[in-house]
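K.L.:
Compute the structure for the input listed below.
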Amino acid sequence: MKNFHCKILFALVLALCSCRRSNIFEATANDPIHNPVFGPSGEMTIAFEIIGNQTDFYRALQVESNGFVRYLDSLQTAGQTTSALTQEEYGNLVALFLEKDFLHLQDHYLGEFTSSAFRYRVLFNYGGTEKLVLTDSLSAPAGLQKILARLSQQMLAVRQQALQLDLAVNRDTLAHGQEAELALTVTNPHAYAIQLRSGELLVEFFVVACNELTQAGRREAYALPYLWRKGQSEASGKFIHTSTLAAGESLTYGASWNGRNNAGAFLHGTFWIAARFATVPGGYSAWHPIQVVNR
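P.N.:
Below you'll find the model as predicted:
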């Protein structure tokens, strides 16, 4: 499990960094860093991994150029938690990397006698330059220790707001003429209420081909192309929606899929279905396999 996650995530990180802008503070047409962030930009700024030695302990935090945050935890959830940084939080985090001169650190800080320590991988993409540093919890210099501590705090903040997402699919095999019923249940597992913010999109269900999912990074990225996608929007016309999910409360959203792609053509073969709860905080469900047959 640990090695699978590591290989997948950092293949994803390097692939996303290769399509970066020359300056991570460069505004896009809609200047998303100044607006609420409800979706990924596809451009990685920071990636942070904590890997337990000789265990399946694995956590990863990814911060994209618009402040969108992804969080993976091998011990907590099979899906992915998402959140977003404010403009100030994002700017302070980038400033810390620059202040500690991260781009000029060594590539490795690994002690000879620290095999039992946690290992960290930190990647920073800034101004057309990317830097990857591998260290353990004891050998990092003081400046890098500050960065590790700050990223660990950010992980904790995301974890304390993480929702539980469970996707149920009523069939594993779908014949043409049938429909698969999909149900995404969102639960607040904490002993306190969670405030949710969303844009127009609230929930989306999507399907990818099996071979697409096996490509490096796509499982963790929940990346395009989607063969089929169905979104559910908020009923009101407000740009930003806020609500509260009480402790232990659950919400369920449904959709159906008839085995056709977005163009209406019947598909055939093995596919994967997942769902996204597009709030802040929000997340992606685990993938669910389904076989589409012509009979």
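
K.L.:
Which strand or helix spans the residue nearest the centre of the chain?
P.N.:
The centre of the chain sits closest to Arg70, judged by C-alpha atoms, centre = their mean, with a distance of 3.2 Å. Element membership for Arg70 (DSSP states H and E) is strand 68-73.

K.L.:
Mind giving me the packing neighbours of that strand?
P.N.:
If contacts are counted by 3 or more C-beta pairs under 8 Å, 6 or more residues apart in numbering; DSSP states H and E, strand 68-73 sits against strand 58-64, strand 80-84, helix 142-159. For every residue, glycine as well, the C-beta is placed using N, CA and C.

K.L.:
Could you list the residues in contact with that strand?
P.N.:
If you take C-beta atoms under 8 Å, 6 or more residues apart in numbering as the criterion, strand 68-73 is touched by 5, 9, 37, 39-41, 58-64, 80-85, 154-155, 158-159, 162, 220.

K.L.:
Just the CA trace of that strand, in CSV.
P.N.:
Provided in CSV are the C-alpha atoms of strand 68-73 (Å, rounded to 0.1, in the frame of the first residue of the first chain):
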residue,chain,number,x,y,z
PHE,A,68,-6.9,24.2,-3.8
VAL,A,69,-5.8,21.4,-1.3
ARG,A,70,-5.8,17.7,-1.6
TYR,A,71,-5.2,15.4,1.3
LEU,A,72,-4.6,11.6,1.3
ASP,A,73,-4.4,9.4,4.3
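
K.L.:
List the pairing partners of it within its sheet, with orientation.
P.N.:
If you go by DSSP bridges, strand 68-73 pairs up with strand 58-64 (antiparallel), strand 80-84 (antiparallel).

K.L.:
Please state the offset of the first one from the chain centre?
P.N.:
With C-alpha atoms, centre = their mean, to the nearest Å as the basis, strand 58-64 stands 8 Å off its chain's centre.

K.L.:
Many thanks, we can stop here.
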